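Novice: Fold the following for me, if possible:
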Amino acid sequence: MSSSAPTDRAALRRQLLAARQAWYPTAQGAQAQDQLQARLLDVLSQLEPTCLGLYWPRQGEFNPRNLALIATQQWRCQLALPYARKQPVDMHFRVWRGDEPDAIDECQIPTTNGKPTEPDVVLVPCVGFTADGWRLGYGGGYFDRYLAAHPGATTIGVAWQQGLIESSVLAPQAHDQALMAIVTEAHTYSG
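Specialist: Now for the predicted structure:
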């Protein structure tokens, strides 16, 4: 994305989401799903997570479900999905078996009724990102709050390459949490 892109986060988010939702159902999107999964498996093989925090995909996000099932077989790790609350604003992870979600959180995102857990590796969905590890999310701050409260977790952003934003366009805000790495279908960026 060029530096002439809007610097207003809400406008930038709308622009990136519209582009992603138009692109994702294409043949290129399907190919990128496979490429991103392979890159994430490479990264996770180095980390060998004990508990892998994932997310349930929406709005053209990478679908991590197959990756999760491979992770449970390859590293025998536990899986976890986030559960977000609106009052008080909070997010925690719950143990997930990899099956269809059996609950909906207060933000209307599918999740699980599993017991609370704390993943050692967390995959963080990105609407947009910078090469130096900053993420543009959906604007609720749920992941930023969680990551600030769990600084020991290894944080891996998951994004499509088309979400790359120049650092001059996306200046981090005080509450933003930098990610340790961001993985796309084309590159792995170290934060």
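
Novice: Identify each buried residue in the longest helix seen in the chain, please.
Specialist: Assignment by DSSP state H gives helix 27-47 as the longest helix of the chain. Neighbour counts using 16 or more other Cβ atoms under 10 Å place 29, 32, 33, 36, 37, 39, 40, 43, 44, 47 of helix 27-47 among the buried residues. Where C-beta positions appear, they are placed from N, C-alpha and C, glycine not excepted.

Novice: any chance of the residues you listed in CSV, with distance to residue 94 and pLDDT too?
Specialist: Output for the buried residues of helix 27-47, formatted as CSV (distance: Cβ to Cβ, whole Å; pLDDT from 0 to 100):
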residue, distance to residue 94, pLDDT
29, 29, 95
32, 29, 98
33, 25, 97
36, 24, 98
37, 23, 98
39, 26, 97
40, 21, 98
43, 23, 97
44, 20, 97
47, 21, 96
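
Novice: Any idea which residue is closest to the centre of this structure?
Specialist: For the chain, the residue nearest the mean C-alpha position is residue 125 (1.8 Å; Cα atoms, centre = their mean).

Novice: Does that residue touch residue 158 like I think?
Specialist: Yes. Using Cβ atoms under 8 Å, residue 125 is in contact with residue 158, at 5.6 Å.

Novice: who touches both of the two?
Specialist: Listed as contacting both residue 125 and residue 158 by Cβ atoms under 8 Å, 6 or more residues apart in numbering are 61, 62.

Novice: Angles on the backbone of residue 146, please.
Specialist: The phi and psi values for residue 146, taken as degrees, to the nearest 10, are phi -60, psi -50.

Novice: and it, what is it in contact with?
Specialist: By Cβ under 8 Å, 6+ apart, the contact list for residue 146 reads 82, 91, 92, 122.

Novice: where does this structure dip in pLDDT?
Specialist: Within the chain, the ranges that satisfy pLDDT under 70 run 1-7, 191.

Novice: Test of understanding: give the bridge partners of residue 94.
Specialist: Here residue 94 sits in beta bridges with residue 81, residue 116, going by DSSP bridges.

Novice: so it touches residue 118, yeah?
Specialist: No. Assessed by Cβ under 8 Å, residue 94 is found out of contact with residue 118, at 10.6 Å.

Novice: which of the two has more neighbours?
Specialist: Between residue 94 and residue 118, counting by other Cβ atoms under 10 Å, residue 94 is the more crowded of the two (19 against 15).

Novice: Against residue 41, how distant is the more buried one?
Specialist: 24 Å (Cβ to Cβ, to the nearest Å).

Novice: phi, psi of residue 68?
Specialist: Dihedral pair for residue 68: phi -60, psi -40, per degrees, to the nearest 10.

Novice: cool, residue 60 as well?
Specialist: The phi/psi pair for residue 60 (degrees, to the nearest 10) reads phi 80, psi 20.

Novice: Begin at 606, not 1, for the rest of this chat.
Specialist: Will do, 606 is the new start, and the previous item becomes residue 665.
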